[in-house]
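Visitor: here you go, sequence then predicted model.
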Amino acid sequence: MAIFGAITLLLLILYSYGGALFISEKYANHNDTKIRLQYPSQEHPFGTDTTGRDILARTIYGGQISVLIGLTAAFLEVLIGVLIGALSGYFGGIIDSLLMRFTEAILTIPAIFLLLVMANILAERYRILIFLADR
């Protein structure tokens, strides 16, 4: 899985940054409403969007920003994790316990939000099913 992920990341980086060697950013943002919503063709391999911009060029430049954000987030996560782990390992005792409880609390926050959203969606569906069953 790690090798597959590394290869995929490398291909995304090559696509985003290598593609910029062939297509300019000015072209990616060029609007031409005469060619809006075209199907894929030789001139526009991914087609065009609602304002006539080339989707291939936009994915190349959008991919650069996405790769940069993803790598920055991963680097910050590793840096914070190493810092917390080093402090826990060095001081131990009560500091270790406090940092571990803090880490566990932070790790559960996304799960709590996901569970709340799912509960809201499922509750709405069950309300509709109960309403239909009562009829």
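Guide: Happy to help now that I have it. Residues are numbered from 1 along each chain as shown.
Visitor: any regions of the chain where pLDDT drops low?
Guide: Applying pLDDT under 70 to the chain picks out residues 125-135.
Visitor: can you do 90?
Guide: 20, 22-33, 43-44, 92, 102-135 (pLDDT under 90).
Visitor: looking at it, which helix is longest?
Guide: helix 93-134 (DSSP state H).
Visitor: helices and strands around that one, which ones?
Guide: helix 55-91 (3 or more Cβ pairs under 8 Å, 6 or more residues apart in numbering; DSSP states H and E). For the C-beta atoms, the positions are set from N, CA and C on the backbone; glycine is no exception.
Visitor: so which bits of the helix it packs on are buried?
Guide: Residues of helix 55-91 classed as buried: 55, 56, 57, 58, 59, 60, 61, 63, 64, 67, 84, 88 (neighbour count, 16 or more other Cβ atoms under 10 Å).
Visitor: please name the nearest non-neighbouring residue to the third one.
Guide: Going back to what we said before, that points to residue 57. Computed as Cβ to Cβ, 6 or more residues apart in numbering, the closest residue to residue 57 that is not its neighbour in sequence is residue 28, at 3.7 Å.
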